[in-house]
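>>> show me the folded form of this:
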Amino acid sequence: MHKTIWFKSQLLIILLTLITFSAAAQKTTFTRQDTLRGSVTPEREWWDLTYYHLSVKVNPEDSSFTGSNLVQYRVLQAKQLMQIDLQPPMKISKITQNGEELEVENDGNVWYISLKKNQNVGDINELFIEYSGKPKVSRRPPWDGGVSWRKDENGNPFVVTTVQGDGGSLWWPCKDHPYDEPDSMLISITFPDDLMDVSNGRLRSLEDNGDGTKTANWFVDNPINNYGVNINIGNYVHWHEIYKGEKGKLDCDFWVLDYNLEKAKKHFKQAKMMLEAFEHWFGPYPFYEDGYKLVEVPYPGMEHQSSVTYGNGFRNGYGGRDISYSGWGEKFDFIIIHESGHEWFANNITNFDEADMWIHESFTNYSENLFVEYFWGKEAGGEYIRGSRLGINNDRPIVGIHGVNYPGSGDMYPKGANMLHTLRQMVDDDEKWRSILRGMNRDFYHQTVKTTQIEAYLIEQTGLPLEGFFKQYLYDTRIPIFEYAIVDGVLRYRWGNVVPEFKMRTKVHINNEVHWLEPSRRWKELELDRKINNVEVDKDFYIASFEVAKLKK
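Numbers count the residues shown, from 1 in each chain. From the prediction side, this is the model:
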């Protein structure tokens, strides 16, 4: 008994330390630039993006970009001051509207444009922005945003962009906040004529400029987030396949460096496996109009919309490692599956604010488990996701701080996925759960959404009181503890380490039989027709359990 009390006191000390660390981690200092980047400012809210035509000449010789962006927008409120974002050292040289040059004021990453033409509600207007510079170089893509100026094994230029978290305004002028997306976009990239550019959407035309350069014109027929827009220039070769999916024929295009063609053709067969599994779980691929592409790059990979990038060395796992420690991660290429999963969660359903980034990463991390389950069975999927718990730190909340471009903890990957896996156990109906995941991609199709919207949707669709559940897993760092004691063969149980509103229907194995319990923060009792000897919380619930005491009167 004394050992039990000692252990509980030590556990309490550890938990208090974690809480203190979490609180300290949230005390982050934000600048005015953080607010200008991360909030829907008055200079942003009055206009709605409808279309971009981004045109960029990429110069590998001096690592520079020269270009323009035609911004088309709908007027929502009659205002005259507009915010456009472009980060140093890139510079805007000229902005015109209806042929008139406009006055521009620069404030760090923000460019304020004073419009001369009256902005009448309902009007569709255009701006033409000219810019240039040497964009920030990414030293460790994709974790460090910017442009990578690399060489392939044969010494050919290999130029790519990666800007998740840092924003598209690292290399092109745009409305750099996730809440608003253009309805469509034309991307025109000019590059050395012995290479090829691969960007988002479909290739409309490839023009020979007669000066040692070519221009590839890629058209995106769907809304697209800023960080998803990409440039990939290299000595590419290409092949095309058709996937017969839920909405008909889906064009699948694969672009790799010439010397990797044969092994890529074998390894990239996993892309069709991914499409089969994810259309089953999440519904139709969200961008049939733009097709699906898998593009080789000199970094691990990223979820660029309809232009998923890949650099995992044509091997399974993540860099050859099983990050779930379960063995199942060796069965598939992590980058193909995870980054493609973002087509549903990130590119179809997009976060409204950077603080809501968990919507992208938690659901996509969870998709890995569903992929394993689809091909190797439910227990295999469970083993995979339970193994991923080794990557959880419980350092700070999964939801970040709104309005300042600040995402939550990296726990949004494994912890967020295990939260969803736990919720599936509470639903206890696999077909209903699948219909909820498919329903999300249908009901939020091509939308930007807030955490509160996703919470409300899951509460409505599951019929469960999940308000406290989400407060616990998204906004707190503590793991719920199922505390119990067996007193003279009777089970006493309660929740510890939880927010006041926490409720969770929980599967518990008692005497090797399944019982569904609904603990609260007060002790409850369960008495069976025979004495209770052993208690074990179901392993698919991401909670801890702690036996307070085992006593006989």
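
>>> and Thr422, backbone torsions?
phi -60, psi -40 (degrees, to the nearest 10).

>>> quick check: the gap between it and Tyr473.
8 Å (CB to CB, to the nearest Å). Using the backbone N, CA and C atoms, a C-beta is placed for each residue, glycine as well.

>>> burial count for the nearest residue to Ser388 once chain neighbours are set aside?
Here the nearest residue to Ser388 in space, its sequence neighbours aside, is Pro414; by CB to CB, 6 or more residues apart in numbering that works out to 4.3 Å. Using other CB atoms under 10 Å, Pro414 has 24 neighbouring residues.

>>> could you shift the numbering so residue one becomes 73, and keep it that way?
All right, first residue 73 from here; so that's Pro486.

>>> how about Pro486, phi and psi?
Phi and psi for Pro486, reported as degrees, to the nearest 10, are phi -70, psi -40.

>>> OK, contacts around it?
Neighbour list for Pro486: Asn437, Ser460, Arg461, Leu462, Gly463, Ile464 [criterion: CB atoms under 8 Å, 6 or more residues apart in numbering].

>>> how about a cut-off of 6 Å?
Shown in contact with Pro486 (CB atoms under 6 Å, 6 or more residues apart in numbering): Ser460, Gly463, Ile464.

>>> using the three-state scheme, assign Ile431.
helix (DSSP: H, G, I helix; E, B strand; the rest coil).

>>> so the closest residue to Gly463 other than its chain neighbours versus Leu366, what's the distance?
In this structure, Gly463 finds its nearest non-sequential neighbour in Pro486, 4.3 Å apart by CB to CB, 6+ apart. Relative to Leu366, Pro486 is positioned 25 Å away (CB to CB).

>>> also Asp515?
Going from Asp515 to Leu366 by CB to CB gives 28 Å.

>>> more neighbours: which of these two?
Neighbours per residue, other CB under 10 Å: of Asp515 and Leu366, the larger number sits with Leu366, 25 against 13.

>>> now do the helix or strand hosting that one: distance to the chain's middle.
Using DSSP states H and E, Leu366 sits within strand 364-368. The chain centroid and the centroid of strand 364-368 are separated by 18 Å under CA atoms, centre = their mean, to the nearest Å.

>>> tell me the strands beside that strand, with direction?
Using DSSP bridges, strand 364-368 pairs in its sheet with strand 320-329 (parallel), strand 380-382 (parallel).

>>> does Tyr556 touch Arg566 like I think?
No. Applying CB atoms under 6 Å, one finds Tyr556 not in contact with Arg566, separated by 7.8 Å.

>>> just want to know which of the two has more residues nearby.
Tyr556 (26 against 17).

>>> so how far is Asn606 from that one?
Per CB to CB, Tyr556 is found 11 Å from Asn606.

>>> got the buried residues for stretch 357-370?
357-360, 362-370 (16 or more other CB atoms under 10 Å).

>>> give me the mean pLDDT for stretch 208-215.
Per-residue pLDDT over stretch 208-215 has a mean of 96.

>>> what are the contacting residues of that stretch?
With CB under 6 Å, 6+ apart as the criterion, stretch 208-215 contacts Asp216, Gly218, Ser220, Thr234, Leu242, Tyr371, Met374.

>>> so where's the stretch 423-572 of the chain shaky on pLDDT?
Scanning the stretch 423-572 of the chain for pLDDT under 70 picks out nothing.

>>> ok so, going back, going by distance to Lys337, which of the contacts of Pro486 wins?
Comparing the contacts of Pro486 against Lys337 with CB to CB places Ser460 closest, at 30.3 Å.

>>> how close does that closest one sit to Tyr446?
Using CB to CB, one obtains 17 Å as the distance from Ser460 to Tyr446.

>>> which one's more surrounded, these two?
Between Ser460 and Tyr446, Ser460 has the larger neighbour count (other CB under 10 Å), namely 24 against 18.

>>> isn't the more buried one up against Ser396?
Yes. Counting by CB under 6 Å, Ser396 is a contact partner of Ser460 at 4.9 Å.

>>> and the spatially closest residue to Val143 that is not a sequence neighbour, how far from Leu142?
Closest residue to Val143 apart from its sequence neighbours, by CB to CB, 6+ apart: Leu199 at 4.5 Å. For Leu199, the distance to Leu142 (CB to CB) stands at 7 Å.

>>> mind checking how far Cys246 is from Arg550?
Counting by CB to CB - Cys246 and Arg550 are separated by 39 Å.
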